[in-house]
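J.: Here is my input, please return the structure:
(chains A, B, C and D)
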2 protein chains.
Amino acid sequence: MSTAFVLLGLLARGPRHGYELKREHDTRLPRTRPLGFGQVYATLARLTRDGLIREAAHEQGAGPERTAFMLTDQGQAALSTWMSSVDEPAPYVQSTLLAKVIVALFGSDNTKAARNYLMAQRAAHLARMRELTTMKSGSDTPIADVVAADYAIRHLDADVRWMQTTLDRVDALHLEVAHD
Amino acid sequence: MSTAFVLLGLLARGPRHGYELKREHDTRLPRTRPLGFGQVYATLARLTRDGLIREAAHEQGAGPERTAFMLTDQGQAALSTWMSSVDEPAPYVQSTLLAKVIVALFGSDNTKAARNYLMAQRAAHLARMRELTTMKSGSDTPIADVVAADYAIRHLDADVRWMQTTLDRVDALHLEVAHD
DNA sequence: GGGAACTATTCACTCAGTGAATACTTGGCC
DNA sequence: GGCCAAGTATTCACTGAGTGAATAGTTCCC
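T.: Numbers count the residues shown, from 1 in each chain, chains lettered A, B, ... in the order given. The predicted structure is shown next:
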């Protein structure tokens, strides 16, 4: 995942220790996948092993002992490569929605279950989209939150549109899929 | 993930062994995340442990020894619950795109890297969309492939639209994010 | 001085995913 | 007849991602 690179990015602003990184992650990347403390330290260990970061300081000052990390030259290079590199769009689909529809079709001799699911899921998506739209337009919502909400809304909308066209194709799909 | 439930779904049509499940997965769910043999057997082991499937037969007939599995009542129940249950739309975003843009913004004193990335990635997405559209309209393309391609196209389109609006917000986002 | 909240890290564990290894069978080819 | 490639079927060892609890010291306030 990109967690490792996000940490590298945070470390580009100067040495940090694990706890700080976790908090900065939460404020800089709101509404993204929650990051556990355990995960931060595990990732830092891997990055150290791979030579992308190294210990900058062991402090035993105020509070518990803590270890700050900093980028190595290699880490700096890896970070800028990552930032400027275009990602190949995924060659495959990874979607629970799609899986459910297909499973619902070959598990049954009619298309009722699939249709019901598609309509119910569509309603849930629309409800969430309304929620996000309200939140987004709050006057004091940080821009980072707006950008993330926008991402979510666009993809929920993509799902909804896909569900609509799939609803129309469900009979044809059933014939193809149910056939041995 | 939904891999476990997809296997349950395949087993709903009758007892199968691992190798068969892997092949059926590939034909029934084309263009989805590749499923390794190792993963199939590991998942079957977990499902057995959890009482959702059980061994149906040990055959030592033609070819290597093989073990067929079948659904238990509990597994049957778990499958139909899963099929008909609506998924809560994800409460957070998980996107390399979003992460890259934000990291590119707080790692620099200008917005150039972020802009360049957004434009290049947009081009890559559009290219892939054209590819998928061509493939989709092939006269002999199975419907399952069309449905999967449609899913991919809709989400690539969602990304592209997000990248466009984000391009307009990049300055505001930079101010917010670069500020300590 | 007692307790709650915050700072900071570690540990044990499970799941997901990858690639190679093993082993037996079938079919084609010279 | 003998050999090799491809197909069938499963297992193993390993890495990475992610979760939740445990540990331990500090600060602050009543």
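J.: So which bits of the least confident helix or strand in chain A by mean pLDDT are buried?
T.: Lowest by mean pLDDT, DSSP states H and E among the helices and strands of chain A is strand A:53-59, with a mean of 88. By neighbour count with 16 or more other Cβ atoms under 10 Å in any protein chain shown, strand A:53-59 contains the buried residues A:53, A:56. Backbone N, C-alpha and C define where each C-beta goes, glycine included.
J.: Does that strand reach chain B?
T.: No: judged by Cβ under 8 Å from any Cβ of the partner chain, strand A:53-59 stays clear of chain B, getting no closer than 14.7 Å.
J.: go on, stretch A:105-117?
T.: Yes: using Cβ under 8 Å from any Cβ, we find that stretch A:105-117 touches chain B at A:106-107, A:113, A:116-117.
J.: How far does that stretch sit from its chain's centre?
T.: On the basis of Cα atoms, centre = their mean, to the nearest Å, stretch A:105-117 sits 30 Å off its chain's mean C-alpha point.
J.: Please list the residues outside it that contact it.
T.: Contacts with stretch A:105-117, where a contact means Cβ atoms under 8 Å, 6 or more residues apart in numbering or on different chains, come from A:100-101, A:104, A:167, A:170-171, A:173-174, A:177-178, B:9-10, B:12-13, B:28, B:79, B:83-84, B:86.
J.: Can you flag the buried ones in the residues you listed?
T.: Buried among those (16+ other Cβ under 10 Å): A:100-101, A:104, A:167, A:170, A:173-174, A:177, B:9-10, B:12, B:28, B:79, B:83.
J.: Tell me which entries of the residues you listed lie within helices.
T.: Counted as lying in helices by DSSP state H, out of the buried ones among the contacts of stretch A:105-117, are A:100-101, A:104, A:167, A:170, A:173-174, A:177, B:9-10, B:28, B:79, B:83.
J.: all helices of chain A, in order?
T.: Secondary structure of chain A, counting by DSSP H: helices at A:3-11, A:18-28, A:37-49, A:73-84, A:96-106, A:112-136, A:143-178.
J.: quick one: which of the ones in helices among the buried ones among the contacts of stretch A:105-117 is nearest to B:Pro34?
T.: Distance to B:Pro34 across these (Cβ to Cβ) is lowest for B:Arg28, with 13.8 Å.
J.: got the contact list for the closest one?
T.: A:102, A:106, A:177, B:10, B:144.
J.: Out of those, flag the one nearest to DNA strand C.
T.: Of all those, B:Leu10 has the smallest distance to DNA strand C: 15.3 Å, by Cβ to the nearest atom of the strand.
J.: related to what we said a few turns ago, quick check: the farthest pair among the contacts of B:Arg28?
T.: B:Leu10 and B:Ala144 (14.1 Å).
J.: circling back to that earlier point, please convert the helices of chain A to a markdown table, extending it with mean pLDDT.
T.: Putting those into a markdown table (pLDDT from 0 to 100) gives the following:
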| stretch | mean pLDDT |
| --- | --- |
| helix A:3-11 | 97 |
| helix A:18-28 | 95 |
| helix A:37-49 | 97 |
| helix A:73-84 | 96 |
| helix A:96-106 | 95 |
| helix A:112-136 | 97 |
| helix A:143-178 | 96 |
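J.: Tell me which residues touch A:Thr72, please.
T.: For A:Thr72, the contact set (Cβ under 8 Å, 6+ apart) comprises A:51-54.
J.: measure it to DNA strand D for me?
T.: To DNA strand D, A:Thr72 is 17 Å away according to Cβ to the nearest atom of the strand, to the nearest Å.
J.: Relative to A:Leu11, how far out is that residue?
T.: 10 Å (Cβ to Cβ, to the nearest Å).
J.: Determine the residues that are contacts of both of the two.
T.: A:Ile53.
J.: Who are the contact partners of the most centrally placed residue in chain A?
T.: Centrality entry for chain A: nearest residue to the mean C-alpha point is A:Arg33, 5.4 Å, by Cα atoms, centre = their mean. Contacts here follow Cβ under 8 Å, 6+ apart; on that basis A:Arg33 touches B:92-94.
J.: any chance of the contacts of A:Thr72 in JSON lines, with distance to DNA strand C too?
T.: Listed next are these as JSON lines, based on distance: Cβ to the nearest atom of the strand, whole Å:
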{"residue": "A:Gly51", "distance to DNA strand C": "18"}
{"residue": "A:Leu52", "distance to DNA strand C": "17"}
{"residue": "A:Ile53", "distance to DNA strand C": "13"}
{"residue": "A:Arg54", "distance to DNA strand C": "14"}
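J.: Turn the residues you listed into a markdown table, including distance to A:Ala158.
T.: Formatted as a markdown table, the contacts of A:Thr72 follow (distance: Cβ to Cβ, whole Å):
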| residue | distance to A:Ala158 |
| --- | --- |
| A:Gly51 | 39 |
| A:Leu52 | 34 |
| A:Ile53 | 36 |
| A:Arg54 | 42 |
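J.: ok, so of those, who is nearest A:Ala4?
T.: Using Cβ to Cβ, the contacts of A:Thr72 come closest to A:Ala4 at A:Leu52, 8.0 Å.
J.: In contact with that closest one, which residues are there?
T.: Residues counted as contacts of A:Leu52 (Cβ under 8 Å, 6+ apart) are A:4, A:8, A:71-72, A:74-75, A:78.
J.: Please list only the buried members of those residues.
T.: For the contacts of A:Leu52, buried by 16+ other Cβ under 10 Å: A:4, A:8, A:71-72, A:75, A:78.
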